[in-house]
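S.K.: Take this sequence and fold it.
(chains A and B)
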Amino acid sequence: MSTATAHPAAEDRYAQATQLQLTWWRFRRHRLALVSMGVIILFYMVAIFADFLAASDPHATDARRSFIPPQGIHFFDEQGFNPHVYGLRGVRDPRTFQLSYTPDPARKLPVRLFIRGYTYNLFGIIETDVHLFGVVGGRPGESIFLLGTDQLGRDLYSRMMVATRVSLFIGLAGVTLSLFLGVLLGGISGLYGGWVDMLIQRLIELLRSVPTIPLWMGLAAALPRTWSVLEVYFAITIIISLIGWTDLARVVRGRFLALREEDFVVAAELSGASQGRIIFRHMLPSFASHIIAATSLALPAMIISETSLSFLGLGLRPPAVSWGILLQDAQNIQVLAGAPWLLSAAVPVILIILAFNFFGDGLRDAADPYG
Amino acid sequence: MRRLGLALVTCVFISVLSFVIIRLPPGDFVDAYIANLAASGSTVSVEQGEAMRREYGLDRPLVVQYARWMGRVLQGDFGVSMAWRRPVTEVIGDRLWLTMIVSVSALFLTWMIALPIGIYSAMRQYSFWDYLFTTLGFIGLAIPNFLLALILMYLGFRYLGLNVGGLFSAEYIQAPWSWARVWDLTKHLPLPAAVLALAGTAQLIRIMRANLLDELRKPYVVTARAKGLTERHAVLKYPVRAALNPFASSIAYLFPYLVSGSIVVSLVLGLPTVGPLLLQALVAQDMFLAGAIVLLLGFMTVIGTLISDLLLMWIDPRIRLGGR
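M.R.: Numbering: from 1, shown residues only, chains lettered A, B, ... in the order given. So this is what the prediction gives:
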């Protein structure tokens, strides 16, 4: 009571806050979850502005610049602040004929912001060729390779930016589809009970007891070779979400079963509210945050699935670029030993999975009114 | 009994799915076979092709085809691998058992690591080690196991200068089974098993810790402490056993997960399991082989899960005695 008299405004604020606001206030207290949310937003910003952030065309191949090691930016030289990278000189080993690159300090390539490069469509509509940074005045084929290049001489950093877009949105699309299936089937199961519930529960148990990767592999491999990149993209999304919906269905069913007995639902029923109104007006708001939490915990699984499938060469196919496809290049230990920077695509995978896990955990705690 | 019924239904479900996988690619396998022969120089006439289709029953409706295929499978005949030109059973050979050995040892490793750490973390909540294990667990959860395998391969190659993959040393790869070969296998097993076990371990530690913490707050534990039982006794005697229950039931979903993980990890580490074979078969559209592998893996998983369920019943007196 003393707090109420001391801070009447704060107490009022608390009493009047909506469910969403309460959740947000509780969520803010989780430092790690908050940081994770920042990371997730950052990743999606990268996904949206991928082409703008890319320094050189992610699909441009050049045999003369394969396996260039990552280049460091030098920020100062004798003239003061002048960010630049060194030009590269290819040297062929006289015995093994292996081409290796050494930086040539005599030739500086200045790095500048907002330079013009390859053309792309921002948001799919605005055609532009402005990029965040790049080198000016280089010879053709010369650019900045922050993370080195792959075997075909494509800039790994630029490819990673574009891959982020594909990997994140395939996860999002997959989770949306699973969410739809999960809410629909879980809702039906929890709402009607009886033999429908029994049937759906058995189906979920069944799907969970099957080893998923061999199944995905089989289904993914059966996709016709003639399909376009886009068609394969959608097919993979569907395959991934066909398995992924079970967890969400469980959460939704559990919430439905718990809420059906709550006083406010019974009260709404007694006042003659229609079933649709009870579900959407009374029940849905009270477990929406649980669903969001479950969704954010399901997303990493989607991303891992896509990455594994593409890594095996059964998921997306080049010229599509995803994290899994980038990692596919690192599959061969001989190649990897010579070009360890190919493994760098593992970093965003691990980061985003961690971020989604922490975020989902924090959200789940925040959404629980008894927590 | 209900479990057994469910297992049977699952098997049927898996067999239908495997059949779908066999049938999904455009054209039937006679087309593939003819194309295969044509590539190697010999030709097959249209009539011969038709005769083959009749022989394999490909002109019948799908349901009949499925029934015939299942009939053959139940007799142990999985058909012929197109790419290898040998019976599927011969091609798969030891690989299926090796897959199971890797998966099962990963399962045991998961338990062996997760159980003590989970108990420790719950007993010393918020201690340094608890935080360390929790953090490690989160990282373990976040690294897909094929990535971990890849990183370990690289580190092994880079700093130890040796190939850490494979299940056998070079001299034992083709050798017939002997004690020396089994010993060689045991020496190579820990790495893939550990790679596979990591994610599951992280999960189980969290489950065990949470369960035990719930259990430790209950009045009977307080009573036990108040009566002067040693901390060790008070925790290990009953709370751990009670907390073990949900832990044991997690096998049911952990095992399928491990089996499917072993496929990808095998590819990276070059293990002679069915993983690489399945990938080859799928890429080459060798659908009989691929279907058989999916089917067998599914069956094995169902059997494994069933065994773990029975184990669970045997462990938990409430279930064991409840029926009587």
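S.K.: which residues touch the nearest residue to A:P110 once chain neighbours are set aside?
M.R.: Closest residue in space to A:P110, ignoring its immediate chain neighbours: A:H84 at 4.9 Å, by Cβ to Cβ, 6 or more residues apart in numbering or on different chains. Heads up, the C-betas are built off the backbone N, CA and C, glycines and all. The contact partners of A:H84, taken as Cβ atoms under 8 Å, 6 or more residues apart in numbering or on different chains, are A:73-74, A:77, A:108-111, A:135.
S.K.: Kindly indicate which of those residues lies nearest A:A339.
M.R.: A:I73 (20.2 Å; Cβ to Cβ).
S.K.: Spell out for me which residue occupies the centre of chain B.
M.R.: The centroid of chain B falls nearest to B:V259 when counting by Cα atoms, centre = their mean (1.4 Å).
S.K.: so how far is B:L141 from it?
M.R.: Computed as Cβ to Cβ, to the nearest Å, the B:V259 to B:L141 distance reads 19 Å.
S.K.: do B:S178 as well
M.R.: In terms of Cβ to Cβ, B:S178 sits 40 Å off from B:L141.
S.K.: who's more crowded, those two?
M.R.: B:L141 (20 against 10; other Cβ atoms under 10 Å in any protein chain shown).
S.K.: which residue does the stretch 101-250 of chain B bring closest to chain A?
M.R.: B:A142 (4.3 Å; Cβ to the nearest Cβ).
S.K.: these two touch, right, that residue and A:I303?
M.R.: No: look at B:A142 against A:I303 with Cβ atoms under 8 Å: they stay out of range, at 10.6 Å.
S.K.: For the two, indicate the residue with more neighbours.
M.R.: When neighbours are counted by other Cβ under 10 Å, A:I303 comes out ahead of the other of B:A142 and A:I303, with 26 against 22.
S.K.: Skip ahead from the one helix or strand the more buried one maps to and say which helix or strand is next.
M.R.: Applying DSSP states H and E as the criterion places A:I303 in helix A:284-311. Where DSSP H and E defines the elements, the next helix or strand beyond helix A:284-311 is helix A:323-328.
S.K.: Against which helices or strands is the next helix or strand after that next one packed?
M.R.: Next in sequence after helix A:323-328, counting helices and strands by DSSP H and E, comes helix A:333-338. Judged by 3 or more Cβ pairs under 8 Å, 6 or more residues apart in numbering or on different chains; DSSP states H and E, the packing partners of helix A:333-338 are helix B:145-155.
S.K.: Is chain A within reach of the helix it packs on?
M.R.: Yes: using Cβ under 8 Å from any Cβ of the partner chain, we find that helix B:145-155 touches chain A at B:146-147, B:150-151, B:153-154.
S.K.: Model confidence for A:I41, exactly?
M.R.: Note on A:I41: pLDDT of 90.
S.K.: ok, now the one 4 residues further on?
M.R.: Model confidence at A:M45, expressed as pLDDT, equals 86.
S.K.: Okay, and it sits in which element?
M.R.: Short version, using DSSP H and E: A:M45 is in helix A:31-48.
S.K.: could you check the angle helix A:284-311 makes with that helix?
M.R.: 60 degrees (axes from the mean of the first three to the mean of the last three Cα atoms, to 10 degrees).
S.K.: which outside residues touch helix A:31-48?
M.R.: By Cβ under 8 Å, 6+ apart, helix A:31-48 touches A:27-28, A:53, A:123, A:161, A:164-165, A:168-169, A:348, A:351-352, A:354-359, A:361-363, A:366.
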